[in-house]
Every structure is written in C-alpha cells, then in structure tokens.
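> here is my input, please return the structure:
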Amino acid sequence: MQTRVLLVVFVITTLSYVQLTDSVFAPSHPEYVGVDPPLKQIRDGVDPTNVTCTEGLELVLKKSNGSPACLKPSSIAKLIERGWAIHVLPDYKDENNNSEIFATGIYNVETQVVNYFESTNGYLAKPTDEGQFPGIVMIHEWWGLNDNIKEMAEKLASHGYVVLAVDLYNGEVATTSDQARQLITSFDTDAGIKNMNFATTYVQENHNVEKLGSIGWCFGGGQSLNLALNNEDMDATVIYYGSLVAEQESLSAISWPVLGIFAGLDQGIPVESINDFESSLDELDISNEIHIYPGVDHAFANPSGERYAPDESKDAWQKTLKFLESNLRS
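This next block holds a predicted model:
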C-alpha cells in the first residue's frame, strides 16, 4: 500500500529589512528614555564628547573609533582596563590655566629642550644654582608634552629638582579629545617603557642625581606606575589618577614609597580598585600614601581643564612636595 503524504508548508517570508534605527532602538532600551541615543545626538550636531546620558549612566568613548557610549558606572573601569573605552575629557584650553595655585619654590629655573632617547626630545627644567639636586621624570597626560606640563616641570624644578618632562608621543600634541584618543590608541607600551628608562639614565648620567622619582597625571599617572614596575633605580613614585595594577606579583618589583592621588567620582579608576591597589601595597610592605578626594572627578588637578578643582589641587600639590622632599632628600 502506497501512502502518499501531502506536506503543505506555509512559508512566510519577510523581505523587509528591519534597520536598528533610533526609533526602533530606543523603546527597547529604557536607559534612553527621555534622552536621545548617542548616535542620534551626534547626527543632530552634538560633539561626541558632549553627548548627554540619562541619569545613572556615564559617557565614555570607544577607544578604537571615538564613538560615544552611555554605560553603567560599574562596567566602565573594566572596559577602560581592557582597552575598549577611554575617559571623556573636555578639549584642552591653554588660556586662564589657574596655575598660580601651584606655588613656586626658592630656586630660579633654567630650561632647555634635550635629546634623551633616539630622536625624541624632552623638556628639562632645573635650578640655576650649582649643587646636587634629586631627579624627577615627569610624564604627560594623554594630551602630550604641552605647555601645561612644561610649566609644571618648571614649578617643580623651582623646589630644587632636576625635572625631565618626557615625550611619549614623539612630538605630537593634542588639543581635542579625539586627537588625544588617536594618540593614545597608537601608543606602544613597550616603547614607552624604553623611552622612560632612557630618560632616567639621561638624568642620572648628565646631572649627577643620587635619587630619582617619577610623577605623572592621567595617562602619565599610569605610565609613572609602569616605570616603577620596570626600573629598579627609582626612589619615589607619584601617581595622579592613573591606571592601576593590583597584582602583588607585579607590584613586588617596587621597593620604594608610592604616593597616589585619586578622585572619588572617577568611574574609570573607581574607589574599589584604588583600595585593592592600596591593600596590595600594604601586604607587600611597600610604603604608600593614598589620598582619595571626594566630590571631584578624573583630571581634577589639571588647571587648564573644566574639571579643575583648585582647593583639592592645591592640597594634592602640597602633599606631593612633602612626599618628594621626605623621600628624595633624606
């Protein structure tokens, strides 16, 4: 007996292409209720660094292409650590930089551009007086070796230090967040460490320094820590809101005091990660001073930035001077 089976297949084919436009995207994403999604804001003429996020979310930029993203604060630190996201900072402005709050010391200062590594030039500031002074390797923010960093080198040198402000961008300087993003994206960590190590050698061999420290802000703060992890000749490390390492195996390379200056509102370097860093230093018996300033955000000590907090910056600077004095002159 032959059985015939009639199979009727109803195929419903939808040929319409559904694009994830903002009108489709927004209703399924309650985080955008009341606020246009980032891409729509950009299409409407908003600069990526000025995109508005709804309450409870923080704005970051995707490191690879500069696209804005509104994220939960709890996820930002991990994404920055993984290299997916970067902080959003206002464009650099070189006027009214409020640097007078960083008091000068008793020494007159002379400056010069010096070649310290391959074809790379740095900015050297040192007292005009004869004598032996401690050395400082100063590392710039993500903007590059700009006038603000050069002025900070002069300020610190006036307190009796030979300060070499290094250039990790090979002469390039950014004035917009997108330019800075491109520079930091192309930055090679290993090459940066080599650059900074040559800077320490230059200061030691050319200026007769017995003790040597480092200081950096933001991107430079993380690089100040990187230098500490890769150079055993240091005597003091200062980190202003830089990326941290909490693994004790790595931190065990440090055998000198560490000063950390951080911001309580900084979602990229949250208080939890700062506490982990401090705990690791304590467990390794590494002398440290960790200060977290409540109510201020990342880059609060940049006198040219919109997040500048003068009172906290002044206090942090005094702590920095005291720390360097006690660890590089004793």
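
> domains of this structure?
The chain breaks down into these domains under automatic domain parsing: 22-86, 99-328.

> tell me how far the residue found closest to Cys70 once you drop the neighbours it is linked to in the chain lies from Ile184.
Computed as CB to CB, 6 or more residues apart in numbering, the closest residue to Cys70 that is not its neighbour in sequence is Cys53, at 3.7 Å. In short, each C-beta sits where N, CA and C put it, glycine included. Here the criterion is CB to CB, to the nearest Å. By it, Cys53 lies 22 Å from Ile184.

> kindly report the same for Thr175.
Distance from Thr175 to Ile184, by CB to CB: 14 Å.

> which one of those two has more residues nearby?
Ile184 (21 against 13; other CB atoms under 10 Å).

> need the contact list for that one.
Applying CB atoms under 8 Å, 6 or more residues apart in numbering to Ile184 gives the contacts 63, 86, 142, 219.

> that one belongs to a helix?
Yes: counting by DSSP: H, G, I helix; E, B strand; the rest coil, Ile184 is found in a helix.

> what about stretch 191-211, average pLDDT?
For stretch 191-211, mean pLDDT rounds to 96.

> and the contacts of that stretch?
Identification of contacts with stretch 191-211 by CB under 8 Å, 6+ apart yields 114, 116-118, 120, 122, 126, 132-135, 137, 139, 162, 164, 166-168, 212, 214, 223, 226-227, 230-231, 233-236, 327-329.

> secondary structure class for Asn327?
In three-state terms, and counting by three-state DSSP, Asn327 is helix.

> for it, which non-adjacent residue is spatially closest?
In space, Asn327 comes closest to Ala236 once its chain neighbours are excluded; the distance is 4.2 Å by CB to CB, 6+ apart.

> before we move on, the earlier item: which of the contacts of stretch 191-211 fall in strands?
Those of the contacts of stretch 191-211 mapping onto strands are 114, 116-117, 120, 122, 126, 135, 137, 139, 162, 164, 212, 214, 236, per DSSP state E.

> Gln267: which of the residues you listed is nearest?
Nearest to Gln267 among the ones in strands among the contacts of stretch 191-211, counting by CB to CB, is Ile139 at 22.5 Å.

> re earlier: need phi/psi at the residue nearest to Cys70.
Cys53 adopts backbone torsions of phi -100, psi 150, taken as degrees, to the nearest 10.

> likewise for Ser280?
Main-chain dihedrals, Ser280, degrees, to the nearest 10: phi -70, psi -40.

> I figured it hits Gln248, correct?
Yes: assessed by CB atoms under 8 Å, Ser280 is found in contact with Gln248 at 5.0 Å.

> which one of the two has more residues nearby?
Neighbours were counted for Ser280 and for Gln248 using other CB under 10 Å; Ser280 has more, 20 against 13.

> grab the nearest non-local neighbour of Pro257.
Nearest non-adjacent residue to Pro257, counting by CB to CB, 6+ apart: Ser287, 4.1 Å away.

> return the distance of that neighbour relative to Gln179.
Look at Ser287 and Gln179: by CB to CB, they are 38 Å apart.

> what about these two, which has more around it?
Comparing Ser287 with Gln179 by neighbour count (other CB under 10 Å), the higher total belongs to Gln179, at 18 against 14.

> A helix includes the more buried one, no?
Yes: under three-state DSSP, Gln179 falls within a helix.

> just checking the distance from the helix or strand where Gln204 lies to the centre of its chain.
Following DSSP states H and E, one finds Gln204 within helix 189-207. Distance, stretch centre to chain centre, for helix 189-207: 20 Å (CA atoms, centre = their mean, to the nearest Å).

> can you offset everything so residue one is 2?
Fine by me, first position is 2 from now on; the one you just mentioned is helix 190-208.

> could you look up the SS state of the spatially closest residue to Tyr294 that is not a sequence neighbour?
Excluding the flanking residues, the one nearest Tyr294 by CB to CB, 6+ apart is Glu313, at 4.5 Å. Using three-state DSSP, the secondary structure recorded for Glu313 is helix.

> so how far is Glu82 from Glu313?
25 Å.

> buried set for stretch 248-267?
By 16 or more other CB atoms under 10 Å, the buried positions in stretch 248-267 come out as 252, 255, 257-264, 266-267.

> possible to save those as JSON lines with distance to Asn196 and pLDDT?
Shown next, in JSON lines, are the buried residues of stretch 248-267 (distance: CB to CB, whole Å; pLDDT from 0 to 100):
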{"residue": "Leu252", "distance to Asn196": "22", "pLDDT": "98"}
{"residue": "Ile255", "distance to Asn196": "20", "pLDDT": "98"}
{"residue": "Trp257", "distance to Asn196": "21", "pLDDT": "98"}
{"residue": "Pro258", "distance to Asn196": "24", "pLDDT": "98"}
{"residue": "Val259", "distance to Asn196": "21", "pLDDT": "98"}
{"residue": "Leu260", "distance to Asn196": "22", "pLDDT": "98"}
{"residue": "Gly261", "distance to Asn196": "23", "pLDDT": "98"}
{"residue": "Ile262", "distance to Asn196": "23", "pLDDT": "98"}
{"residue": "Phe263", "distance to Asn196": "25", "pLDDT": "98"}
{"residue": "Ala264", "distance to Asn196": "27", "pLDDT": "97"}
{"residue": "Leu266", "distance to Asn196": "31", "pLDDT": "94"}
{"residue": "Asp267", "distance to Asn196": "26", "pLDDT": "93"}
